[in-house]
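# Just need the structure, nothing else, for what follows:
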Amino acid sequence: MAEEKARVDFNAPKSLVERADSVVEILDISRTRLLIDALEDELEELANDEEFRRRLSDAYYDGQVDYDTVEAILGREEAMRLKLLRESIDRTPAIPTLKDGLPSDDAFYDGEISEWTESNSADSDDESRA
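Residues are numbered from 1 along each chain as shown. So this is what the prediction gives:
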């Protein structure tokens, strides 16, 4: 199925249009094809440019552009990654609560508290390595 097309009119410097017309004659393509190819190449280059990707990410996180725009520029996988990251940033971490409160120190530390002491087996291990 062919993609819907949009008509675009713009003004460009005459010298640029003349250069483009020379190229289309040599390549035997239409001016429209040359412009579409050039625009696709530029958008592909931008999609791979780290500075542009950072700016697009910032715009997405700030709500200036939507998911569909990011997907159209970077592709579904990268757009989904940004969406998941944004959702994780927006999430408020849960604050754990205890139903019965904390136990008293006496209840928590009831019984003997073990103390670490150096064992003889640690000495024998050191001697066996030497």
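
# Okay, the residue most central in space within the chain and residue 68: tell me how far apart.
The chain has residue 82 as the residue nearest its centroid, 4.4 Å off, counting by Cα atoms, centre = their mean. Separation of residue 82 from residue 68 (Cβ to Cβ, to the nearest Å): 12 Å. C-beta: built from backbone N, CA, C; applies to glycine.

# lowest-confidence helix or strand of the protein?
Lowest by mean pLDDT, DSSP states H and E among the helices and strands of the chain is helix 120-129, with a mean of 55.

# Quick one: name whatever helix or strand follows the biggest helix by length in the chain.
In the chain, with assignment by DSSP state H, the single longest helix is helix 31-47. Toward the C-terminal end, the helix or strand that comes next after helix 31-47 (DSSP states H and E) is helix 50-61.

# Please point out which parts of the helix or strand following that next one sit buried.
Per DSSP H and E, the first helix or strand lying C-terminal to helix 50-61 is helix 67-74. Across helix 67-74, burial judged by 16 or more other Cβ atoms under 10 Å covers 70, 71, 73, 74.

# which residues sit against helix 67-74?
Residues external to helix 67-74 that are found in contact with it (Cβ atoms under 8 Å, 6 or more residues apart in numbering): 43, 46, 47, 53, 56, 60, 78, 79, 82, 83.
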